[in-house]
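>>> structure for the following, please:
(2 chains)
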Amino acid sequence: MRIWRFVLKEILYRKLGFLLGVISIAAAVGALVGAFTMLKAHDIHTEGILEEASAQIEATMADLNEDMRKATLRLGFNVVILPAEQDLGDWYTEDYGTKCMPEDYVHKLAQSTIVTVKHLLPSLQQKIKWPETKRTIILVGTRGEVPNMHSSPVQPLIQPVPEGTIVLGHELHQSLELSEGDSVRLMGTEFTVHKCHEERGSKDDITAWIHLSQAQKLLDKEGQINAILALECACAWADVDKVRSEIMTILPDTQVVEKGGQALARAEARVSAKEAQVAALEQDKQNRTWLRTSRESFASRLVVIVMAASLIWIGFLAFSNVRERRSEIGILRAIGFRAGQILAIFVSKAVVMGLLGGLVGIAAGLYTGITIGANVDQMQAGAVTLSNVADLRLAILAVVLAPFLCVVASWIPSMIAAGQDPADILQQE
Amino acid sequence: MLELKQISKIFSGPQGPVRVLSESCLSVKPGEFVAVHGPSGCGKSTMLLIAGGLLAPGKGKVLIDGQDPYKMAPNQRCGFRAGKLGFVFQQFHLVPYLTVLENVLTIATVNRIENPSRRAKELISHFSLDHRMNHLPSQLSTGERQRVALARALFNNPKLILADEPTGNLDEKNAAMVFEYLAEFTANGGAVLVVTHDVKAAKYAHRTVHLKDGKVVQES
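Numbers count the residues shown, from 1 in each chain, chains lettered A, B, ... in the order given. The predicted model follows:
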């Protein structure tokens, strides 16, 4: 008969004690594996949260860009192309040019290979007296955007004013008590009110927009324009000198003026929005890190307590086992078993107990860690699975550690068993 | 086979040292059945443990088959016991989780014997325990348990069997059976030293030794 037969038969004979030992070591290993699994589930959840937050930031930023693009028609990283002879002092004073250039310039630009300019908007602006209403207004003739023939089509920023119609600024339609669909005469020409703008708090409030061709006719400047607005030139961070250089190459007798402050404002708004989102993401990260640290700290304390309790319990069970087996130890020693063989019987039992407890503990720890981890973080079903939390190295460690701990806890009782004097036992029994 | 020469043993008790054996001498020859009688506390069991190499005497010399087990290293002494001696106790001391067959085979763990299973089964059959071969000790009667203990003691073909009150828990019929088996062992050349209160042992023993206050006072 070999030693293992004594071990296995005794385990089967005293099932309860062995089972209690297995449960105890399983609890210790389970606590360890469960804690690691829960932390891993936490990390997976954190990763998900941060990925989602990053995606949300990207989506928000895309929405923001679109909103900004629409909301800042007049802003943007825009330049105004003026005739070369235009006095900029006059242009700044009046906010429109007094010198004109051929309308054909805009076509030259549109047909060029210029890529930095997305939207081209020719206009003819002039401050006039509205004879019928005896008011000074800014009349803008516009034909909408001229598409760039060599770049990808983009959504127009400004819709053209249909011929025969007029778009009125807030102050104008308010004071003249006009609304969409009304008819109004301007310099002897009948117009239908196409649109009435909301208050903008700028010169736009006293501006009237009509189709460019009609404006040219009314102002007696047919085929002429006095400005080309080049909107959304490249991106907000583009180098304006590059834009200017490209335009000047195509239209050498023009000058290019940047509406820089507005572009900067938009860029800053974007940057600021992104910074806020990134800060929120960083805050999320910090919160999750803090939560992880708290859980890690709790788990480590729990694991230590459970392990200590488990070791004490296994030690107690081993002591009880030794007491219970005194007679057996006595007779085995009497018939010739060496102390080392008695020690081997008890240590082998501890190894078997540890191995079994370790395996049960790994399974229980994984199940508990996955369940608790998913519930605590209110994760969707299936977000944490065995395949993404199972750690082979941890499992190997647990399988090695459990028998080792079991042997450590049982060592003193096993040594006592091995060291018992058979004469003492046989005399007392 | 067994020689106890001038054996003394003193135990330290709560009320001072207690002299259990005092310069006692005893010998058992091969094929001899020796019974030791005496009142409780006279040192019978102590003498048996000393004779079995389990308890070193304070003074004196023990020779078993010409060798002094107390001059051997502990592990060597274990091997010596496994090879030369068989033990039978009043409480049987069977391993509770092993079957009858496994209990008899126990000594095969420490002593190499050819065909251990066959030997064990022969002994079990000899003691009329075939139908109990796969039973646990808890499923046996006391007489059967003692027969298992005897089978275990004989398994390694010992030269000397040491029995401490082997009939103490048995009825008359079973007690007689145990003594008969021991007598049979001596008839085959083995030596037996039995410590007992049972006066019927005298019927089977070649020699009866009376012990009193740790001294051999009479031999008959």
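>>> show me which residues of chain B are close to chain A?
Chain B comes close to chain A at residues B:45-46, B:49, B:52, B:54-55, B:74-75, B:78-83, B:85, B:87, B:89, B:91, B:93-98, B:102, B:105-111, B:116, B:136, B:152, B:164, as judged by Cβ under 8 Å from any Cβ of the partner chain. Yep, even glycine has a C-beta here, placed from its N, CA and C like the rest.
>>> are any of those buried, and which?
B:45-46, B:49, B:52, B:54-55, B:78, B:80-83, B:85, B:87, B:89, B:91, B:93-98, B:102, B:105-111, B:116, B:136, B:152, B:164 (16 or more other Cβ atoms under 10 Å in any protein chain shown).
>>> name the SS class of A:Lys195, please.
For A:Lys195, the assignment made with DSSP: H, G, I helix; E, B strand; the rest coil gives strand.
>>> just the element for the closest residue in space to it that isn't next to it in sequence, please.
In space, and not counting its chain neighbours, A:Lys195 is closest to A:Val167: 4.6 Å by Cβ to Cβ, 6 or more residues apart in numbering or on different chains. Using DSSP states H and E, A:Val167 sits within strand A:165-168.
>>> do A:Ala55 as well
Judged by DSSP H and E, A:Ala55 forms part of helix A:15-71.
>>> quick one: that helix near chain B?
No: on the criterion Cβ under 8 Å from any Cβ, helix A:15-71 is out of touch with chain B, staying 10.6 Å away.
>>> quick one: low-confidence residue ranges for the stretch 301-429 of chain A.
Scanning the stretch 301-429 of chain A with the threshold set as pLDDT under 70 gives A:377-383, A:429.
>>> no no, the stretch 151-300 of chain A
A:151-158, A:232-240, A:259-270.
>>> same thing but 80
The stretch 151-300 of chain A contains residues with pLDDT under 80 at A:151-159, A:231-244, A:258-274, A:276-277.
>>> for it, which residue gets nearest to chain B?
A:Ala299 (39.6 Å; Cβ to the nearest Cβ).
>>> that residue in helix, strand or coil?
Once three-state DSSP is applied, A:Ala299 turns out helix.
>>> pretty sure it is touching A:Ala41, no?
No: the criterion here is Cβ atoms under 8 Å, and A:Ala299 misses it with A:Ala41 at 11.8 Å.
>>> quick one, which of those two is more surrounded?
A:Ala41 (25 against 19; other Cβ atoms under 10 Å in any protein chain shown).
>>> what's the pLDDT at the residue of chain B found nearest chain A?
Nearest residue of chain B to chain A: B:Ala82, at 2.6 Å (Cβ to the nearest Cβ). Listed pLDDT for B:Ala82 reads 88.
>>> ok, the nearest residue to it once chain neighbours are set aside - how many residues close by?
Among residues not flanking B:Ala82 along the chain, A:Gly336 sits closest, at 2.6 Å (Cβ to Cβ, 6+ apart). By the measure other Cβ under 10 Å, the count of residues near A:Gly336 is 25.
>>> then A:Ser245?
Neighbours of A:Ser245 using other Cβ under 10 Å come to 12.
>>> which secondary structure element is home to it?
Under the assignment here (DSSP H and E), A:Ser245 is part of helix A:240-250.
>>> outside of stretch A:135-145, which residues touch it?
Residues external to stretch A:135-145 that are found in contact with it (Cβ atoms under 8 Å, 6 or more residues apart in numbering or on different chains): A:95-96, A:119-130, A:156-161, A:172, A:175, A:186, A:203, A:206-216, A:218-219, A:225.
>>> which residues does the residue nearest to the spatial centre of chain B bridge with?
Central residue of chain B (Cα atoms, centre = their mean): B:Leu162, 1.9 Å from the mean position. Under the criterion DSSP bridges, B:Leu162 forms beta bridges with B:Phe87, B:Leu193.
>>> what is the worst-scoring helix or strand of chain B on mean pLDDT packed up against?
Lowest by mean pLDDT, DSSP states H and E among the helices and strands of chain B is strand B:215-219, with a mean of 77. Applying 3 or more Cβ pairs under 8 Å, 6 or more residues apart in numbering or on different chains; DSSP states H and E, one finds that strand B:215-219 contacts strand B:16-28, strand B:207-212.
>>> output the ones you listed as TSV; include the columns mean pLDDT, distance to A:Gly357 and mean neighbour count.
Output for the helices and strands packed on strand B:215-219, formatted as TSV (pLDDT from 0 to 100; distance: least, Cβ to Cβ, whole Å; neighbours: other Cβ atoms under 10 Å in any protein chain shown):
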stretch	mean pLDDT	distance to A:Gly357	mean neighbour count
strand B:16-28	88	47	17
strand B:207-212	90	52	18
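>>> could you dump those strands into CSV and include distance to A:Gly34?
What follows is the helices and strands packed on strand B:215-219, written out as CSV (distance: least, Cβ to Cβ, whole Å):
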stretch, distance to A:Gly34
strand B:16-28, 58
strand B:207-212, 65
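>>> what residues does the longest helix seen in chain B touch?
Determined from DSSP state H, the single longest helix within chain B is helix B:172-187. With contact meaning Cβ under 8 Å, 6+ apart, helix B:172-187 is reached by B:31-33, B:88, B:127, B:142-143, B:146-147, B:150, B:154, B:161, B:163, B:166-167, B:170, B:192, B:194, B:198, B:200-201, B:203-204, B:206.
>>> now stretch A:43-55: how far from the chain's centre is it?
Relative to the chain's own centre, stretch A:43-55 is displaced by 7 Å; criterion: Cα atoms, centre = their mean, to the nearest Å.
>>> buried residues, that stretch. List them.
A:44-46, A:49, A:53.
>>> again with stretch A:308-327
Buried, per 16+ other Cβ under 10 Å, within stretch A:308-327: A:310-311, A:313-315, A:317-318, A:321-322, A:325-327.
>>> which ones among those map onto helices?
A:310-311, A:313-315, A:317-318, A:321-322, A:326-327.
>>> among these, find me the one that's closest to B:Pro17.
B:Pro17 lies nearest to A:Arg326 out of those, by Cβ to Cβ, at 25.9 Å.
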